[in-house]
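Novice: Provide a 3D model corresponding to the input given below.
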Amino acid sequence: MRENVRLKLAIQKSGRLADDCRDLLEQCGIKFTKSKDQLFCQAQNFPLDLFFVRDDDIPAFVASSVCQIGIVGRNVLSEEMISSPNQKLKSVKEIMALGFGKCRLSLAVPHSFAYEGVCSLEGKTIATSYEGLLSEFLKQNNVNAEIVDMRGAVEIAPRVGMADAICDLVSTGSTLAVNGLKEVEVIFRSEASLIRNENISSKLVEILDRLLLRIKGVQQAGASKYIMLHAPAAALDDIRKVIPGSDSPTVLALQGRNDKVAIHAVCNEGIFWETMEDLRSRGATDILVVPIEKMLN
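Specialist: You can find the predicted model right below:
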């Protein structure tokens, strides 16, 4: 009987990264039973099991080998690495940045606070959910400040007199503005990251490599476009220089035409209207730019 080896992945049950994680797996062609209430489900067409847990618990799940891999914000992973006494976390490594869930951990103060640099926080009180990362930042900048550990609603701390400043995650800055705060210092930049336990079997590594190949394909496809156009044969070299991020486009003969060719290329850079106008000015016609759904190199 063939051994049923399955890779286990921990992701956020709900919140900022949950939907993005599910979308990524769907783009990788992996199908799961749809249910937001489940804590566990199996992929139907790939040897992968999903565990839905709190984001703060994901590093511990991976460290303890309950799951071999996880998707978690770098801010959560780094905070756990600094603050947790769990020695098993040393076996957890980041293997891939995923490009979504981008945010920053920032210091913010009321508009009335005369901020003139990190030194302005000397002797002040700062509220945060990221005591470890904030402590390291203050230590690196030789600033002594009192840290108040808060779990949620950190932004109200200055308004109710609990703190002079806050250190919290910022995406757009709208929450800070609503609470009369201004962002003054970015101390850490974060995004979703794929992490793994280093101590996994060779069979599980093979499954992980397959998953990584699919994720890289999704990332490459998302960042690339396929461009097709007709061009004068005499202008081929000139037009090739304009096509962004493509060193070796495919050149095809057009039936019954010796003066024009078709050019197809995968572009790994943005194609803007200015680029298309530039191509047209060099003789290109019938320019078509389309998205790429899947891609493997």
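
Novice: and Ile187, what is it in contact with?
Specialist: Leu105, Ser106, Leu107, Leu133, Leu134, Phe137, Cys167 (C-beta atoms under 8 Å, 6 or more residues apart in numbering). Heads up, the C-betas are built off the backbone N, CA and C, glycines and all.

Novice: Help me confirm that it is found in a helix?
Specialist: No: the assignment for Ile187 (DSSP: H, G, I helix; E, B strand; the rest coil) gives strand, which keeps it out of a helix.

Novice: What pLDDT does the model give it?
Specialist: Listed pLDDT for Ile187 reads 96.

Novice: picking that back up, closest to Asn197 out of the contacts of Ile187?
Specialist: Using C-beta to C-beta, Leu133 comes nearest to Asn197 of the contacts of Ile187, at 22.7 Å.

Novice: mind saving the C-alpha coords of the host helix or strand of that closest one as PDB?
Specialist: Assigned by DSSP states H and E, Leu133 falls within helix 131-140. Taking C-alpha atoms only, helix 131-140 is exported to PDB below (Å, rounded to 0.1, in the frame of the first residue of the first chain):
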ATOM      1  CA  GLU A 131       6.800  44.800  22.500                       C
ATOM      2  CA  GLY A 132       9.700  42.700  21.200                       C
ATOM      3  CA  LEU A 133      10.200  44.600  17.900                       C
ATOM      4  CA  LEU A 134       9.600  48.000  19.600                       C
ATOM      5  CA  SER A 135      12.100  47.200  22.400                       C
ATOM      6  CA  GLU A 136      14.800  46.300  19.900                       C
ATOM      7  CA  PHE A 137      14.200  49.500  17.900                       C
ATOM      8  CA  LEU A 138      14.400  51.600  21.100                       C
ATOM      9  CA  LYS A 139      17.500  49.800  22.200                       C
ATOM     10  CA  GLN A 140      19.200  50.300  18.800                       C
END
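
Novice: The helix or strand that that helix is followed by pairs with which strands, and in what direction?
Specialist: Per DSSP H and E, the first helix or strand lying C-terminal to helix 131-140 is strand 146-149. The strands beside strand 146-149 in its sheet (DSSP bridges) come out as strand 125-128 (parallel).

Novice: quick one: contacts of the partner strand?
Specialist: For strand 125-128, the external contacting residues (C-beta under 8 Å, 6+ apart) are 107, 134, 145-150, 154, 157-158, 162-168.

Novice: Pull the distance from it to the chain's centre.
Specialist: How far strand 125-128 lies from its chain's middle: 27 Å, per C-alpha atoms, centre = their mean, to the nearest Å.

Novice: One more: stretch 173-186?
Specialist: With C-alpha atoms, centre = their mean, you get 23 Å for stretch 173-186.

Novice: The spatially most central residue of the chain in helix, strand or coil?
Specialist: Nearest to the mean C-alpha position of the chain, by C-alpha atoms, centre = their mean, lies Gly99 at 2.6 Å. Per three-state DSSP, the local secondary structure of Gly99 is coil.

Novice: For it, give me the pLDDT.
Specialist: 92.

Novice: For it, give me phi and psi.
Specialist: phi 90, psi 0 (degrees, to the nearest 10).

Novice: which one of the contacts of Ile187 has the most neighbours?
Specialist: Highest neighbour count within those: Cys167, with 28 neighbours (other C-beta atoms under 10 Å).

Novice: In three-state terms, label that one for me.
Specialist: Applying three-state DSSP: Cys167 is strand.

Novice: ok, what's across the strand from it?
Specialist: As for beta bridges, Cys167 partners with Leu107, Thr128 under DSSP bridges.

Novice: before we move on, back to that, and the residue nearest to the centre of the chain, how far is that from Ala127?
Specialist: 30 Å (C-beta to C-beta, to the nearest Å).

Novice: cool, Asn199 as well?
Specialist: For Asn199, the distance to Ala127 - C-beta to C-beta - is 38 Å.

Novice: These two: which is more packed in?
Specialist: Ala127 (24 against 10).

Novice: Kindly state the pLDDT recorded for that one?
Specialist: At Ala127, pLDDT is 97.

Novice: again with Leu107
Specialist: Per-residue pLDDT puts Leu107 at 97.

Novice: what about it, distance to Val118?
Specialist: The value you get for Leu107 to Val118, if C-beta to C-beta is used, is 8 Å.

Novice: Pull up the overlap in contacts between these two.
Specialist: Glu185.

Novice: most residues in a single helix of this structure, which one?
Specialist: Longest among the helix segments of the chain by residue count, using DSSP state H, is helix 202-222.

Novice: Could you list every helix and strand in contact with that one?
Specialist: If contacts are counted by 3 or more C-beta pairs under 8 Å, 6 or more residues apart in numbering; DSSP states H and E, helix 202-222 sits against strand 7-12, helix 18-27, strand 92-97, strand 192-197.
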